[in-house]
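Undergrad: no sequence for this one, just the structure:
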């Protein structure tokens with residue numbers, strides 16, 4: 001983190017294009033580093049040594065070890081003496097958000113209505129650093145590879161909700177986001193060409209809804225609409241995820257889009 005002459009800080013962990021207004025004198029470096037230690041663990045790195053954590057966090061091994069031992073003392077990390085891994089206690093952090101956040105609570109009854117009207121799984125998703133996070137859900141327990149659970153994070157270019165939310169980001173944000181990554185292919189249908197991806201975003205923004213078919217899962221289709229507040233600002237996306245083999249694209253959109261749009265319009269007066 002850099003300290004500027006205006007006594008504000010620029011956080012590299014913030015979404016592209018965003019600058020923290022936190023005054024340097026109010027910044028607690030230890031808190032940031034402790035959270036960064038938790039965030040280095042992922043699917044590809046479930047168990048790490050103190051040296052490996054330090055390398056991934058930009059910390060000396062001894063400093064990384066102290067953070068890990070503190071997190072172990074708090075119950076967030078476990079160890080065999082050489083390697084460290086996260087414990088289920090970390091999930092409490094997300095549970096506190098779900099329990100305290102106003103938006104998921106307000107949206108839940110409307111997700112129930114969408115699900116009842118369409119017999120599909122309805123979601124509320126928000127954008128976080130180029131990924132979407134599902135913060136509310138309602139619908140049948142259908143056997144689907146893409147039946148996302150609460151708190152699931154998915155890279156935005158393969159889901160309808162992610163495409164919809166990215167489509168409404170500033171052009172500079174989208175360009176910077178694309179410059180920092182490749183568009184990974186999850187299926188043969190995943191859009192990996194950046195020019196085509198941007199064209200799709202422009203289309204989705206213009207038409208006011210987004211669709212994703214077979215981009216994350218060969219058997220999955222998603223449709224999403226923006227969730228706006230009374231000022232017109234986008235707060236998230238309402239979406240439906242459904243099997244793809246039961247009906248054509250046009251039939252599916254005609255069936256579920258009105259329910260999504262109606263719920264979004266009703267919610268607009270409440271957030």
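TA: That came in fine, so what should we check first? Since the structure is predicted, the reported quantities are computational estimates derived from the model, not experimental observations.
Undergrad: I figured residue 183 hits residue 195, correct?
TA: No - the pair residue 183 / residue 195 is not scored as a contact, 10.9 Å apart, by Cβ atoms under 8 Å. Where C-beta positions appear, they are placed from N, C-alpha and C, glycine not excepted.
Undergrad: okay, the two: which has more neighbours?
TA: residue 183 (18 against 8; other Cβ atoms under 10 Å).
Undergrad: how would you label that one: helix, strand or coil?
TA: Here residue 183 is recorded as coil under DSSP: H, G, I helix; E, B strand; the rest coil.
Undergrad: Could you check how far it is from residue 166?
TA: 11 Å (Cβ to Cβ, to the nearest Å).
Undergrad: now swap in residue 228 and tell me
TA: For residue 228, the distance to residue 166 - Cβ to Cβ - is 16 Å.
Undergrad: Have a look at these two and say which one is more surrounded.
TA: Set residue 228 next to residue 166 and count neighbours by other Cβ under 10 Å: residue 166 wins out with 26 against 17.
Undergrad: give me phi/psi at the residue lying closest to that one once chain neighbours are set aside?
TA: Leaving aside its chain neighbours, residue 166 sits nearest to residue 156 (5.0 Å; criterion: Cβ to Cβ, 6 or more residues apart in numbering). When quoted as degrees, to the nearest 10, the phi and psi of residue 156 stand at phi -70, psi -20.
Undergrad: residue contacts, residue 156?
TA: Listed by Cβ atoms under 8 Å, 6 or more residues apart in numbering, the contact set of residue 156 reads 127, 130-132, 162-163, 165-166.
Undergrad: ok, now residue 187?
TA: Contact analysis of residue 187 by Cβ under 8 Å, 6+ apart lists 214-218.
Undergrad: among the residues you listed, who's most crowded?
TA: residue 215 leads these on contacts (other Cβ under 10 Å) with 25 neighbours.
Undergrad: I'd say that one and residue 186 touch.
TA: Yes - between residue 215 and residue 186 a contact is recorded at 6.7 Å, counting by Cβ under 8 Å.
Undergrad: got any residues that touch both of these two?
TA: Listed as contacting both residue 215 and residue 186 by Cβ under 8 Å, 6+ apart are residue 158.
Undergrad: in the protein, which spans are helices?
TA: 29-39, 50-57, 61-74, 91-100, 102-118, 160-167, 171-179, 194-207, 249-268 (DSSP state H).
Undergrad: Which residues belonging to the third one are considered buried?
TA: Applying a neighbour-count criterion of 16 or more other Cβ atoms under 10 Å, the buried positions in helix 61-74 are 63-68, 71.
Undergrad: Quick one: those as JSON lines, columns for pLDDT and distance to residue 266 too.
TA: Output for those, formatted as JSON lines (pLDDT from 0 to 100; distance: Cβ to Cβ, whole Å):
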{"residue": "63", "pLDDT": "94", "distance to residue 266": "51"}
{"residue": "64", "pLDDT": "94", "distance to residue 266": "49"}
{"residue": "65", "pLDDT": "94", "distance to residue 266": "52"}
{"residue": "66", "pLDDT": "94", "distance to residue 266": "51"}
{"residue": "67", "pLDDT": "94", "distance to residue 266": "46"}
{"residue": "68", "pLDDT": "95", "distance to residue 266": "47"}
{"residue": "71", "pLDDT": "95", "distance to residue 266": "43"}
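Undergrad: What is the neighbour count of residue 163?
TA: Neighbours of residue 163 (other Cβ under 10 Å): 28.
Undergrad: List the residues that contact it.
TA: 156-157, 200-201, 204, 210, 212, 224.
Undergrad: Residue 255: which of those residues is nearest?
TA: Distances from residue 255 to the contacts of residue 163, taken as Cβ to Cβ, are shortest for residue 224 (14.7 Å).
Undergrad: was I right about that closest one contacting residue 160?
TA: Yes - using Cβ under 8 Å, residue 224 is in contact with residue 160, at 3.8 Å.
Undergrad: intersection of neighbour lists for those two?
TA: With Cβ under 8 Å, 6+ apart, residue 224 and residue 160 have common neighbours 210-212, 237, 239.
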